[in-house]
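1. Below are the sequence and a predicted model; questions follow.
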Amino acid sequence: MNKALALSTTINLEEQARILKYIKKHPSKEGKKAKNAYILSVIITLLIIFFVMIPLCIYNLKKIDNIANSKDFPIGATKEVSGHISLYEDTFWYTDSSNKYEFNLNDYTLDSSFENGEIIRIYLDDDNNVISIAHEQDEGKEIGVSTLFMFVIPISLLLIHAFIGRKTYSKHWYLYVQWYKKEIEPYLFINNYEEVINNKKYYDVTVKIRDLKPEIKSKYKSILGKYIILNILFLAFICIIIYFAIKFNLNINNGLFIIGLSIFILIFYILINICEENLEQIKNGGENKNEKNKSI
């Protein structure tokens, strides 16, 4: 699926422009179909960005702003701090300037729903006297969920768009790109480039899996199995991260959280991309490329 998305993103703009320039300079029926498929794919991508991604960003930023400006303090309180219910005692505490301040829980609330280790809000007056305590409000979780979905929903839609498009409305672009990369791109920087590519005609460079040699077909199925497992694990881990972020009210804006999540995504992207590259190499006849080069 990442490879499908790569057709509209990883192929850089310079390379896309080069392929479109080739189509314009060497017009053909297949080239026209490929260009139309590319334009349609770009339009759908822009629609997702402007009608899903940007509205979600605006909505989430407004929600954060509303919550930040709608704090209702109890009478006598002028500020709040984040604190914790003690794990093994009926106390709660917070830290300030490396100092820990601990209080008897029963002196400030009769609410029996506070749980050991729970993160709470502690309301203070100007002299840092505790006025009251409260459960950590759900807004933080709501912001965390919204922020996660702000990225998950658009990325998921882009992946679905690329994957379905590759098989349907963007199919001609995908096939043309594969042909161009195999039949035209290798000769870009030779002196007699125009002479070499002048008589080249488009054809489907992909290979039917059923037509592969048994040993290559077995290799393809093995790589495909790894690819499917990696994608399932990736989606499962994303769901687990979202679950723990909600359940334990994780601060997703924390630098360590962002770095850890980025490393996690990068590792899976590299592993999945390696599998996709190997699958594409086999499907595009790459297994026989060295043999062909030797025979030339």
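-> Okay, I see it. Remember, it's a predicted structure, so these values are computed and weren't measured experimentally.
2. Can you tell me the number of residues neighbouring Lys171?
-> When neighbours are counted by other Cβ atoms under 10 Å, Lys171 registers 14. C-betas here are computed from N, CA, C, even on glycine.
3. Not counting its neighbours along the chain, what's nearest it?
-> Nearest non-adjacent residue to Lys171, counting by Cβ to Cβ, 6 or more residues apart in numbering: Ala37, 6.7 Å away.
4. Count residues in the vicinity of that neighbour, would you?
-> For Ala37, using other Cβ under 10 Å, the count is 21.
5. Next: Ser156.
-> Ser156: 15 neighbours (other Cβ under 10 Å).
6. likewise Tyr243?
-> 10.
7. Next up, the contacts around the nearest residue to Lys79 once chain neighbours are set aside.
-> Closest residue to Lys79 apart from its sequence neighbours, by Cβ to Cβ, 6+ apart: Leu124 at 5.4 Å. Listed by Cβ atoms under 8 Å, 6 or more residues apart in numbering, the contact set of Leu124 reads Ala77, Thr78, Lys79, Glu80, Val81, Val130, Ile131.
8. hmm, 7 Å instead?
-> Counting by Cβ atoms under 7 Å, 6 or more residues apart in numbering, Leu124 touches Ala77, Lys79, Glu80, Val81, Val130, Ile131.
9. Give the buried residues for the helix or strand hosting Phe257.
-> Element membership for Phe257, per DSSP states H and E: helix 255-283. For helix 255-283, the neighbour count (16 or more other Cβ atoms under 10 Å) marks Phe268, Ile272, Asn273, Cys275, Glu276, Asn278, Leu279, Ile282, Lys283 as buried.
10. What mean pLDDT does the longest helix seen in the chain get?
-> Ranked by residue count under DSSP state H, the longest helix found in the chain is helix 214-247. Helix 214-247 comes out with an average pLDDT of 84.
11. And stretch 259-274, by the same measure?
-> 82.
12. Thr95 belongs to a strand?
-> Yes - looking at Thr95 with DSSP: H, G, I helix; E, B strand; the rest coil, it is inside a strand.
13. For it, give its distance to Gly83.
-> 8 Å (Cβ to Cβ, to the nearest Å).
14. When those two are compared, which one has more neighbours?
-> Gly83 (21 against 13).
15. Just give the nearest non-adjacent residue to that one, would you?
-> Tyr94 (3.6 Å).
16. got the contact list for the one you found?
-> Applying Cβ under 7 Å, 6+ apart, the residues contacting Tyr94 are Val81, Ser82, Gly83, Tyr101, Ile122.
17. Just the closest of the residues you listed to Ile229, please.
-> Within the contacts of Tyr94, the smallest distance to Ile229 is 40.1 Å, found for Ser82 (Cβ to Cβ).
18. what stretches of the stretch 101-250 of the chain score poorly on pLDDT?
-> 137-149, 246-250 (pLDDT under 70).
19. wait, which of the buried residues of helix 255-283 is closest to Ile184?
-> When the buried residues of helix 255-283 are compared against Ile184 (criterion: Cβ to Cβ), the nearest one is Lys283, at 18.7 Å.
20. what are the phi and psi angles of the closest residue in space to Lys200 that isn't next to it in sequence?
-> The spatial neighbour of Lys200 that comes closest, neighbours along the chain excluded (Cβ to Cβ, 6+ apart), is Glu183 at 5.4 Å. Dihedral pair for Glu183: phi -100, psi -20, per degrees, to the nearest 10.
21. So Glu183 sits against Lys201, correct?
-> No - using Cβ atoms under 7 Å, Glu183 is not in contact with Lys201; the gap is 9.0 Å.
22. of the contacts of Tyr94, buried ones?
-> For the contacts of Tyr94, buried by 16+ other Cβ under 10 Å: Gly83, Ile122.
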